[in-house]
Every structure is written in C-alpha cells, then in structure tokens.
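# What shape does this take:
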Amino acid sequence: MPEPYVIFGSEMSPYSVKVRSYFRFKGLPHRWTPRGPDNEAEYRKHSRLPIIPTVVSPDGQGLQDSTPIIEAVEAAHPEPSIHPDGPALKFLSQFVEEFGDEWGNKLMFHHRWYAEVDQLASAQALARLSLPTASAEAVAERARMVRERMTGRGHFVGSSDANAPLITAYYERLLDILQPHLTDRPYLFGGRPALGDFGLAAQFFEMLIDPTTGAIMRARAPAVADWALRMNDPRIDGDFESWDALAPTFKPLLDYAGAYFLPWADANARALAAGEESFTVALPGGDYAQPPQKYHAKSLAELRRKYAEAAGDERLAAILAESGCLEALKG
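As a prediction, this is how the structure comes out:
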C-alpha cells in the first residue's frame with residue numbers, strides 16, 4: 001500500500017475541510033491529523049507558515065495554502081478530473097473557487113465571531129478540538145483565550161457594527177441564488193464536483209455548523225445545506241453539464257460576483273497599491289468599508305492571471321461581460 005498523504009487541519013477550518021474533501025473525492029490514501037499539542041513538532045517541521053491545512057506528501061514535501069495544494073496534487077493525479085471540459089467552464093469553476101475562498105470566507109468569519117452565541121459555540125469547539133483529552137477547566141480556559149484572540153481579528157474581513165447588516169444581507173442573497181441552482185443537481189456544474197464546489201462548499205459547511213448562519217441556511221436554503229454536507233465526501237453521480245444547461249440558474253451567481261465580489265476585490269487591490277489604511281466601496285445595499293488586505297489582492301492577481309490564459313475564448317468573454325465581471329478580470 002502506498003504511503004499516505006498527511007493532512008494537518010481542523011474541522012473548524014474551511015480550507016482544511018476543502019482539502020480533505022478533495023482527497024476523499026480523488027480516492028488518494030491520506031491521514032487526517034487534527035493539529036494539536038501532540039503533533040506540533042511534526043507540523044512545524046513541514047510548515048513554512050503557521051497556517052492550516054498543511055499537507056505532507058508521501059515523499060515528505062510540505063504543501064500549504066489550499067488552492068496550490070489542490071493544484072499540485074491534481075497535476076500528479078489528474079483522474080478523476082475536477083475540471084469541466086473547455087476553457088469557459090474550467091475558468092468559471094476556478095472563479096467560483098476564488099470567490100469561495102475570499103468572499104465566502106468573509107461571510108463565514110464575520111458571522112462566526114460577531115454575535116455572542118456564535119463566539120461562545122465556536123470558541124468551545126475549537127478549544128475542545130485542540131485539547132481532546134483535557135479537563136473541562138482547561139478547555140474552558142482555552143475557549144476564553146480563543147474567543148479573545150479571534151474576536152479581535154474581524155477587521156481582516158471587514159467585520160464591524162456598521163458592516164454587520166450588510167454582510168448578513170450578502171449571505172442571505174447568496175443563499176437565495178444557490179438554492180434554485182442546487183435544487184435539481186448535486187453539484188454546481190452538474191453531476192460531479194468541480195474545483196469551484198470544493199472552494200465554495202467548504203465555507204458553507206462551516207456556516208452550516210455555526211448557530212446563526214446554520215439556522216438561516218437550514219430554513220432558507222435546504223438544498224444548499226444538503227450540498228455542503230454532500231461535499232464532505234463527494235462522488236461522481238453524473239456528468240458535467242453544458243453552459244446552456246447551467247446558465248438559467250448559474251448566471252445569477254456570476255451577476256452576484258460582478259456586483260459584490262469583484263468591485264470589493266478591485267477596491268481592495270487599489271487601496272493596497274496606493275498605501276491607504278482603509279477603503280470604501282459602493283456595493284448594493286450601501287457603502288462597505290474595511291482595511292485593505294494583501295492576500296485578497298494576491299488572490300485577485302492570480303484570478304486575473306488565470307483569466308488571461310483563457311481570454312481567447314469568445315464565449316467565456318461574452319458570459320463574463322453579461323455578468324459585469326469582464327472588466328474587473330481583465331484588470
């Protein structure tokens with residue numbers, strides 16, 4: 001039996017869940033290892049940055065950052081493929097993955113650490129996961145520390161009292177778009193999971209297990225909740241669909257990205273380049289303000305690079321233009 005990959009991660013980390021879901025789908029031997037005090041030395045040996053997931057390949061190479069991890073493993077193990085056929089659908093899947101990683105995470109992180117009920121539940125879960133055999137007193141102290149640390153990081157995703165009603169509206173609008181699209185198909189691009197499913201569903205899985213967002217999702221978009229759970233162990237239940245078949249319910253997702261995600265990402269990149277301490281962007285529902293973040297700008301640059309590779313496809317350009325996405329992706 002070949003040596004397994006090792007995934008250092010956490011059930012509360014959407015990027016860890018994303019990578020684990022991918023390994024399960026590919027059928028690759030792997031060992032899920034919750035990061036904790038008992039394996040910290042091994043984790044640090046393979047990690048350049050103190051982040052999860054960290055994947056250790058069978059030959060001992062450490063891989064970090066969920067998208068590069070998946071891209072590296074996909075190059076080595078291309079079947080079953082996570083890319084729909086043709087440059088247009090392949091790019092749209094890549095686009096949705098970045099959208100999930102950046103915009104979906106904003107929705108998740110804000111709600112997880114904003115209301116008291118979510119703070120308490122999340123801090124307790126993280127504390128118990130990191131100290132699985134510790135006493136109740138030790139877990140309670142760890143939960144207190146986790147809550148204090150994480151509630152101080154909301155500015156990274158623009159979480160604030162002013163933005164709170166906007167972010168909840170963004171979340172509910174996205175649920176309303178995804179619900180009809182996922183009602184009659186198991187995955188975003190048809191009968192099998194694509195890269196975009198892995199990126200976006202992981203954020204929705206975390207929102208499903210959190211008190212506030214989970215209640216909203218189960219009541220408002222049960223098909224989305226089913227998809228988030230299905231993506232924990234995805235499988236091939238059919239073929240990828242054509243754009244013509246997807247378009248009636250998929251295009252609203254692109255329209256949403258063109259109205260919210262790309263204007264915000266572009267404003268962030270511009271503010272960072274200009275050395276500004278904060279930026280404000282006019283989005284549907286009202287002005288949205290936050291400090292600029294380097295990783296968001298890096299993500300947009302990578303998305304633009306991927307679009308440049310597919311830019312010769314006229315149908316893709318037409319789809320993106322109709323959704324208000326084209327100019328921002330051209331840069």
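# For residue 303, see how far away the residue nearest the centre of the chain is.
The centroid of the chain falls nearest to residue 101 when counting by C-alpha atoms, centre = their mean (3.2 Å). According to C-beta to C-beta, to the nearest Å, residue 101 and residue 303 sit 10 Å apart. In this view, the C-beta of every residue, glycine as well, is placed from N, C-alpha and C.
# Could you count how many residues lie near residue 105?
If you count neighbours by other C-beta atoms under 10 Å, residue 105 ends up with 20.
# Secondary structure element holding it?
Per DSSP states H and E: residue 105 is located in helix 105-112.
# what packs against that helix?
Helix 105-112 sits against helix 116-130, helix 164-183, helix 195-209, helix 211-220, with contacts defined as 3 or more C-beta pairs under 8 Å, 6 or more residues apart in numbering; DSSP states H and E.
# Show me what the helix or strand harbouring residue 98 is packed against.
Per DSSP H and E, residue 98 falls inside helix 87-99. Helix 87-99 makes packing contacts with helix 195-209, helix 243-256, helix 294-310, helix 314-322 when contacts are defined by 3+ C-beta pairs under 8 Å, 6+ apart.
# Out of the ones you listed, the one nearest residue 234 is which?
Shortest distance between residue 234 and those, using C-beta to C-beta, is found for helix 195-209: 7.0 Å.
# quick one, that closest one and helix 116-130 angle?
Using axes from the mean of the first three to the mean of the last three C-alpha atoms, to 10 degrees, the direction of helix 195-209 lies 110 degrees away from that of helix 116-130.
# any idea which of the helices and strands packed on helix 105-112 is most buried?
Most buried of the helices and strands packed on helix 105-112, by mean neighbour count (mean count of other C-beta atoms under 10 Å): helix 195-209, with a mean of 26.
# CA atoms of stretch 257-273 as CSV?
The C-alpha trace of stretch 257-273 is given here as CSV (Å, rounded to 0.1, in the frame of the first residue of the first chain):
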residue,chain,number,x,y,z
ALA,A,257,-20.0,38.2,-8.1
GLY,A,258,-19.9,41.0,-10.6
ALA,A,259,-21.9,43.2,-8.3
TYR,A,260,-20.3,42.4,-4.9
PHE,A,261,-17.1,40.3,-5.0
LEU,A,262,-15.2,41.8,-7.9
PRO,A,263,-15.9,45.5,-7.0
TRP,A,264,-14.8,44.8,-3.5
ALA,A,265,-11.7,42.8,-4.6
ASP,A,266,-10.7,45.5,-7.1
ALA,A,267,-11.2,48.3,-4.5
ASN,A,268,-9.0,46.4,-2.0
ALA,A,269,-6.2,45.9,-4.5
ARG,A,270,-6.3,49.6,-5.5
ALA,A,271,-6.2,50.8,-1.9
LEU,A,272,-3.3,48.5,-1.1
ALA,A,273,-1.3,49.7,-4.1
